[in-house]
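**Q** just to be clear, the model below is a prediction. Sequence and coordinates:
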Amino acid sequence: MSSPTPSTPQQQQPQYLLNPKKNFKSKTLSGREVDRHPLNTITPKDEKTKQSSLTSNTSVKTEQEKEQEYNSSINPLSDTNNNNAFFDPLSKENEKKHDPLSDTIASMGGLKLIKENHLTNYVDENFMPWDTLKPSILQQYTSDESTPIQVSFMSTGISGKVKIPINRLNKILEELEQEKEETKSAQLSQPDIIMDLETLHSELLKAWNAEERVRSLKIAIQTAKLLTDTSLIKFYPSKFVIATEILDTFGNLVYDRIKKRLQTTKDNKNNEHLLKEQAKETCRNWFYKIASIRELLPRLFVEISILKCYEFIQGDSNTEPKIVINRISEMIRGIGNPLVANYIRAYLTRRSFDLCPEYKKFIIQLLKDFVFTQKSMENSKYLENTLQMYRITLTDYMGLYSPSLEWLLQCLAHKTTPETLEEVLSLFRESKNSLLLNHIISSFPPDYICSNSTMFSNFIKDADSLSYPKYQLYSTFGVNLVLGHPPKTQILSILNEVWKVVTNFENIKDYISVAEVFIEYVLTHCSIKETDIFLKDILRHIIPDKGYESIQSHLQSIVLKIFTHISDFSVLVSLPNFLPLLDLFNGESQKQISRSTLEALSSSNTITSDPILINTFLTYGKALHDSLNSLSFQDEVRQVTNLVINCINKIDFGRDVEKQLNFYVECRQTFINFDGVKNRLVYGVIEICEKTLALVKGKHTPKTTSFIRACVAYCFITIPSIDDIFLKMNLYLVASSVALQNQALSQADALLKAAITFIQEIPPILEFKQVKSTEDWTISYISSFISLLVVAPGHPENGPFYLVKALHKVIKEYTWESGSTAKAKIFIQLLALCSSWSQQQLPYHIDKVESNDQLFTEDPEFTTELTELYNSLIKEILSELNNLKDEPDNLTQKKVCNICIDLINMLLNVGELNSKTASLIFNLYNMAKKIVPPTSGESVYLKNTLSYIGSLADSKMCQDIYNKINSSS
């Protein structure tokens, strides 16, 4: 086949000519109503069919119907009325349907056992389980704060595998095998103790799985013995948590074994009574073995660990749960170390809570024992000697009692009676112990605290200041006041009563700790006026001697609480003492507060033009902007950018467009490194231009003309500073079109020229996450650009074609990918531009802008130059086709085929048919036909093009082309 490229035309040869009389008719899409949504796989008709088939009892489903129903059942977009539709486990309609987990739970004895568990029905969401407390205890109580406690067998807290040295492991195993009483070993370090406990836990499981019950008991005893040692006193609460985890494991293993033996009796009806007695005897044997332990502390810990097993032998003498618990609580009085005694009290309370959670009387007695012990210590030298021995302060020593005391009071206060609470308060009146009072306040219901707030305020004043800090007492008191509902008549009196004491605190950290809690009380229960007064008092305390520098985290918490409770940012900035508080932050805290400030502004529902609010936004926006640099994470930069944009959206000056422009100028200066913000600012200025045009109703005055030029100049200066080339190119196109709308012709010309220059900077390939070609985006962009050139008037000095020629040159010089047909596609778009310019009237106009049809259509030089451009474009397209037609790549060949067909359609639509054009169409068709596979989409495109040629019956030349193509095929 001969090439479609013509030989060099001589003067007498015909040229490719434009048809200046083409009628560009507007077309509209015809629509029709549809019966279903395109994402819904079931039509109403199908639905009716399915419903009718479901009502029929005699219908038989084929295999194909079953498969279709299965597919619809797993399709989340299928009709929800279908009985086989996707099963919603939360739907009320399905509550009585079969639960696939029920069989599994039933096989484990789960559902029945859960219902039998008293604890499940007793506790509610207000009760904090022991598992929730364990992580905080492990984190807080350690002798080495630099190394976190790691325990492999605990499901909560910081866990991880701990490697145990083999010599250490052998030593522990040898100790377990010895029959004699062990002598005291050398003091162990915290890691050594944790390793011992790790070994004891693993050996316990091994011994139990090997059915070595005596050895398992020995391991439990050895674990309990570790709790007698308080040499690492700061670590003791954490050691208690880990050791009792092992004892819990032992107790649960014993309980589950006896429970299993009792369940087997139900399956064997013949020997049911005998097997039940054997199970009970097994239970009694465990308690006999434990009773034979000579040391009191291990005996108590191990018996408490299997306390729940008493439910199997109820009916025996002295086995009633209350009797057993009272007996053990009295035996605890024999423990000499008050710290150890209090933790075994907590362990008894925890395990008895599993057995009979409603029984609380013994806890009162345990608390009385605690108070008695504390008084005894005060009257003896034991406390003084203990503090000297462990080199610890009284406050730190009493803090070691905190987890055990907290658990005792929580179990006591949960669902208890007012009489019980009053009995506990009488203990405080007797002891004046501030640690006890702190946990009374934290454990009692908040509404009870609020209704007796004056009484508790007086209690705090009367409490000793040694066993627990006063400021922490007030903080705990404040938390309850926030959570509860104090009487409205006492809200201010409570605050004033507390603040008479707190405001005299000399230590700034003590003061701010209480203020951090009570600011929420003021925000929740008081007015804006009281909030400002409260902030004033805070500033009075923290500004002297720059005390605020050491309490940045507390101040940050205060500000965040204010933002949470007051959503209207304009109300916040109106407070005289709020902005001065924000000015006290520095460093990382300033960054966080700046971000929180912008978040509060962006979440506000009001549009504002308040200068104070705008200044606040720019101040803290700049601080946040300056805190980021080239090393910051891109995700963080993106989040801050979106935050700033949301704040900009909240500021609007209405009809005062000059102030709006000035605001955008300040924003550009403040957020110079955020491309997204600059993109929003340019669009904002473009919006100003459109608003101005609407205000003057399309007729600019000299004043508005100057303003529009200033706006376009803003765009012209800002757009080049954007690094993202894609944002930059889009802005050039939009800004130039708006400039044309506002009759700023010279500025529009400059923007179009700049856009052409930056086309060269569009990368052919993007390599972010994955390699992606930008060819399609570039073609689409240049096509939109050419559409704007249709109405853009030519330059009075450089002529009408200088922008088109510049674009043509840039496209030729651009580095396209190998095998790309993008250049040919764009040149075809330029053919359409030439066709539009050749018309007596352009297909569309911009109001009050004289385009080339009014400026140059009657100029013969314009027509001659336009024809030359038209011919040169066709030649270059044909040259591109010649370069690509021999490419072996099938994808490239398909692209070449499409270019051939596109060019044929373009010539038929915009060109004047002569012999040369007809010959070119014929050659292009044959070239495409040779390339295209017979079953491809391009083949359909080619056939449709041929049909279109045949439909042009009014043109003899088209009929000749159609006949010639048919005869050749």
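**A** That came through fine. Numbering: from 1, shown residues only.

**Q** quick one: pLDDT of the most centrally placed residue in the chain?
**A** Geometric centre of the chain, nearest residue: residue 639, 11.7 Å, by Cα atoms, centre = their mean. Looking at residue 639, its pLDDT is 94.

**Q** so residue 698 makes contact with residue 848?
**A** Yes. Contact status for residue 698 versus residue 848: in contact at 6.9 Å, counting by Cβ atoms under 8 Å. In this view, the C-beta of every residue, glycine as well, is placed from N, C-alpha and C.

**Q** pretty sure residue 851 sits against residue 842.
**A** Yes. Counting by Cβ under 8 Å, residue 851 does reach residue 842; the two are 5.5 Å apart.

**Q** quick check: neighbours shared by the two?
**A** Shared contacts of residue 851 and residue 842 (Cβ atoms under 8 Å, 6 or more residues apart in numbering): 790-791.

**Q** of these two, which one has the most company?
**A** A count of neighbours by other Cβ atoms under 10 Å puts residue 851 above the other of residue 851 and residue 842, at 23 against 17.

**Q** check which helix or strand the closest residue to the more buried one other than its chain neighbours maps to.
**A** Distances taken as Cβ to Cβ, 6 or more residues apart in numbering put residue 791 closest to residue 851, at 4.8 Å, once the chain neighbours are dropped. Assigned by DSSP states H and E, residue 791 falls within no helix or strand.

**Q** for residue 791, give its distance to residue 748.
**A** 10 Å (Cβ to Cβ, to the nearest Å).

**Q** so for the two, which sits in the more crowded spot?
**A** residue 748 (24 against 19).

**Q** quick one, what contacts residue 823?
**A** So residue 823 contacts 811-812, 814, 816, 876, 880 (Cβ under 8 Å, 6+ apart).

**Q** quick one, which of those are buried?
**A** Using 16 or more other Cβ atoms under 10 Å as the burial test, the contacts of residue 823 include 811, 814, 816, 876, 880 as buried.

**Q** can you pull out the low-pLDDT segments for this structure?
**A** 1-15, 17, 19-124, 146, 155-187, 264-271, 769, 934-935, 953, 969 (pLDDT under 70).

**Q** so it: which segments form each domain?
**A** Following automatic domain parsing, one gets these domains for the chain: 17-29+35-77, 127-316, 320-433.

**Q** give me the three-state assignment for residue 844.
**A** Secondary structure, DSSP: H, G, I helix; E, B strand; the rest coil: residue 844 is coil.

**Q** let me see the contact set for it.
**A** 790-791.

**Q** distance-wise, check residue 421 relative to residue 232.
**A** In this view, residue 421 and residue 232 are 36 Å apart by Cβ to Cβ.

**Q** for residue 382, same thing?
**A** Noted for residue 382: a distance of 19 Å to residue 232, by Cβ to Cβ.

**Q** tell me which of the two has more neighbours.
**A** When neighbours are counted by other Cβ under 10 Å, residue 382 and residue 232 differ, and residue 232 comes out ahead with 20 against 15.

**Q** dihedrals phi and psi, that one?
**A** phi -90, psi 80 (degrees, to the nearest 10).
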